[in-house]
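Asks: Sequence and predicted model, in that order:
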Amino acid sequence: MDFTEEQIERYSRHIILPEVGGLGQMKIREASCFIVGAGGLGAPAAMYLAAAGIGKLGIVDDDKVELSNLQRQVIHHTGDVGVHKADSAKAQVNAMNPDVEVVTYHTRLMADNARELVAGYDYIIDGTDNFATKFLVNDLAVLTGTPLVHGGILRFSGQVMNIIPGETACYRCVFHEAPPEGLVPTCQEAGVLGVLAGVIGTIQATEVLKMILGIGTPLNNRLFTYDALESDFREVKLKKNPACPVCGENPSITTLVDGDRRVCEI
């Protein structure tokens, strides 16, 4: 291991874990993750992956921090209002762990730039808040062969699932297609319990770390749900759909197509 004494101290609680050790910590350092949205889910995911010592984070978000974000997007502070979210997130990540390389993208994730943006990253975390973009991120993961950790929250409920191209069910296997616009409200329309973003975003980071280390039982072919009001965790077993239009036996989706709504992080 070529860790400095300071790094050995920083990651000591990882290194003493038999499931991690020095070699596992090196795997974390050599890994990279692309986070779509520096909002409610992206905030805890980015901070905990950085704290864990991940080597590189890519953060894409074209929004600026607003006061209403601060109820759940804990990577941003009051003084960051008006600052680009990707820049605010980078500042907080590097203030906590300067060893992490953070690359920011002040743009929307779209069909015409998605492949270029995600190129070179090992994992993707979905921190978006609308169906059209979630399908775009799913298709991007499947078509590029990049493992994706899906997350979603609304009101008092959240969900997480891993999408491993070629191995697991994808988002389209489960949800098929986006509902008509306006049928399902967004967080902006229906509200969301702020701490719920921390629960789900942290689970997303956990799943990435488990995949990097090859330990535990990942949320593959399992939709993990959390009801905050009832303190109830459940899971639904999933199966790949042979007729899935993007990951099935005869896919009809072979290129990326934009949905009818912009990227919007939770």
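Replies: Ah, there it is.
Asks: Quick one: residues contacting Ala243.
Replies: Applying C-beta atoms under 8 Å, 6 or more residues apart in numbering to Ala243 gives the contacts 249-250. Just so you know, the C-beta spots here come from the backbone N, C-alpha and C atoms, and that holds for glycine as well.
Asks: any idea of the pLDDT on it?
Replies: Looking at Ala243, its pLDDT is 96.
Asks: quick check, it in a strand?
Replies: No - using DSSP: H, G, I helix; E, B strand; the rest coil, the assignment for Ala243 is coil, not a strand.
Asks: Against Ser252, how distant is it?
Replies: Going from Ala243 to Ser252 by C-beta to C-beta, to the nearest Å gives 10 Å.
Asks: same thing with Leu154?
Replies: 29 Å.
Asks: ditto for Asn130
Replies: Asn130 is 22 Å from Ser252, by C-beta to C-beta.
Asks: higher neighbour count, those two?
Replies: Neighbours of Asn130 and Ser252, each counted by other C-beta atoms under 10 Å, are more numerous for Asn130; the result is 23 against 9.
Asks: Now do the phi/psi pair for that one.
Replies: phi -140, psi 150 (degrees, to the nearest 10).
Asks: any idea how far Val160 is from it?
Replies: 17 Å.
Asks: Kindly report the same for Ile15.
Replies: When Ile15 is compared with Val160 (using C-beta to C-beta), they lie 27 Å apart.
Asks: okay, the two: which has more neighbours?
Replies: Neighbour tally, Ile15 and Val160, criterion other C-beta under 10 Å: the higher count belongs to Val160, 26 against 18.
Asks: quick one: what helix or strand has the more buried one in it?
Replies: strand 157-163 (DSSP states H and E).
Asks: Could you pull up the residues touching Arg10?
Replies: Contacts of Arg10 (C-beta under 8 Å, 6+ apart): 53, 97.
Asks: which phi and psi does the closest residue to Glu30 other than its chain neighbours have?
Replies: Among residues not flanking Glu30 along the chain, Gly55 sits closest, at 5.5 Å (C-beta to C-beta, 6 or more residues apart in numbering). Main-chain torsions, Gly55, degrees, to the nearest 10: phi -70, psi -40.
Asks: Let me see the contact set for Gly55.
Replies: So Gly55 contacts 28-32, 100-101 (C-beta under 8 Å, 6+ apart).
Asks: Can you turn the buried part of those residues into a ChimeraX selection?
Replies: Buried residues within the contacts of Gly55, by 16 or more other C-beta atoms under 10 Å, are selected in ChimeraX with:
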select :28,29,31,32,100
